[in-house]
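Trainee: my questions are about this predicted structure, shown below with the sequence.
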Amino acid sequence: MRHFDKQLFNDKTFIVTGASSGIGRGVAQAIAEVGGRVIALGRNQDRLTETLDQLDGSGHLSLAGDMSSADVAFELVKTARGLANIGIDGIFHSAGIASVKPVRMTKAKHIEDIMGASLLGALGLARAAAARGFFNDGGGSIAFMSSVAGERGQVGMSAYGASRSAISGLVKSLAFELSPQQIRVNSITAGAVETEMHDQISRGMDENSITDYRNKHPLGFGTPQDIANAAVFLLSPASRWVTGTSMLVDGGYMAK
């Protein structure tokens, strides 16, 4: 269901990472529904092609690559900017890996995987976006995905929670650093959203645990569209006076 004017993003171009599935794909679809052009980034080209096939409008592009290294993410985002031929109006960073693992079983490789796309990719993206001329005249907006796991303790989510807490620190400092260019920087702190990643985690839980987890969200689990609605707002001129903060979109999880 469309909640915004269908011409909201006419003549505007957005980079969406993690666009091959889940929340990233949902945000790409929402941007296209209101007239935006999407440059979809992700690791799997076939799935990116599936995303493009589902987008309204024309002129959308995709670029496959790994965001788990800051330097590689920098080059990937810079290349995406080159594909656009014009400046970028906004970036939504959704790439990341969620995992449930007790800290006693958490090894270096697991930490690297968790921190990679979520935090290191975000830093590489930020470095590319900070370059003069990356955004169109008049500035733009960057929105990062975060999670309630970075705000509330959960068994088995120490590494993942740490990666999401780090996003909050990045957003605050980056907002100050990029404000002279009129670039806004915010994040979305999400509760449990029903995606492929959510399903993978749920398969490792028994029915009672899943029910208990759902009941912690007064409005139940969310959908990618719930996050996409928030992302469209943060990427749009309606958020022109919003920067350095996180929008809580969690079905009430943090209210208790």
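Mentor: Alright, I've got the coordinates. Numbering: from 1, shown residues only.

Trainee: next helix or strand past the worst-scoring helix or strand of the chain on mean pLDDT?
Mentor: The helix or strand of the chain with the poorest confidence is helix 196-202; it has a mean of 62 (mean pLDDT, DSSP states H and E). Following helix 196-202 in sequence order, the next helix or strand is helix 207-215 (DSSP states H and E).

Trainee: that next one: which residues count as buried?
Mentor: Neighbour counts using 16 or more other CB atoms under 10 Å place residue 213 of helix 207-215 among the buried residues. For every residue, glycine as well, the C-beta is placed using N, CA and C.

Trainee: so who does residue 144 touch?
Mentor: 93, 122, 167, 170, 171, 185, 186, 187, 188 (CB atoms under 8 Å, 6 or more residues apart in numbering).

Trainee: now with 6 Å?
Mentor: When contacts are counted by CB atoms under 6 Å, 6 or more residues apart in numbering, residue 144 touches 93, 122, 167, 187.

Trainee: from what I can see the third one touches residue 146, true?
Mentor: When you say that, I think you mean residue 167. Yes - with contact defined as CB atoms under 6 Å, residue 167 reaches residue 146; the gap is 4.5 Å.

Trainee: in helices, which of the contacts of residue 144 fall?
Mentor: Applying DSSP state H to the contacts of residue 144, the entries found in helices are 122, 167.

Trainee: pick out whichever of the contacts of residue 144 sits closest to residue 51.
Mentor: residue 93 (15.7 Å; CB to CB).

Trainee: circling back: any residues in contact with both of residue 167 and residue 146?
Mentor: residue 187.

Trainee: higher neighbour count, the two?
Mentor: residue 146 (27 against 23; other CB atoms under 10 Å).

Trainee: bridging residues for the more buried one?
Mentor: residue 189 (DSSP bridges).

Trainee: ok, it - contacts?
Mentor: So residue 146 contacts 164, 167, 187, 189, 246 (CB under 6 Å, 6+ apart).

Trainee: ok, residue 37 next?
Mentor: Per CB under 6 Å, 6+ apart, neighbours of residue 37: 13, 59.

Trainee: who does it form a beta bridge with?
Mentor: residue 13.

Trainee: do you know the pLDDT at it?
Mentor: Looking at residue 37, its pLDDT reads 97.

Trainee: burial measure for residue 114, as a count.
Mentor: 25.

Trainee: check the spacing between residue 116 and residue 110 real quick.
Mentor: Here the criterion is CB to CB, to the nearest Å. By it, residue 116 lies 11 Å from residue 110.

Trainee: name the nearest residue to residue 157, ignoring sequence neighbours.
Mentor: residue 149 (4.9 Å; CB to CB, 6 or more residues apart in numbering).

Trainee: tell me which residues touch the one you found, please.
Mentor: Contact analysis of residue 149 by CB under 6 Å, 6+ apart lists 157, 160, 161, 164.

Trainee: now it. Its backbone dihedrals?
Mentor: Backbone torsions of residue 149, given as degrees, to the nearest 10, read phi -60, psi -20.

Trainee: tell me the mean pLDDT over stretch 16-32?
Mentor: 96.

Trainee: residues in contact with it: which ones?
Mentor: Residues contacting stretch 16-32 (CB under 6 Å, 6+ apart): 14, 38, 40-42, 44, 47-48, 51, 55-57, 67, 92-95, 195-197, 224-225, 227-228, 231-232.
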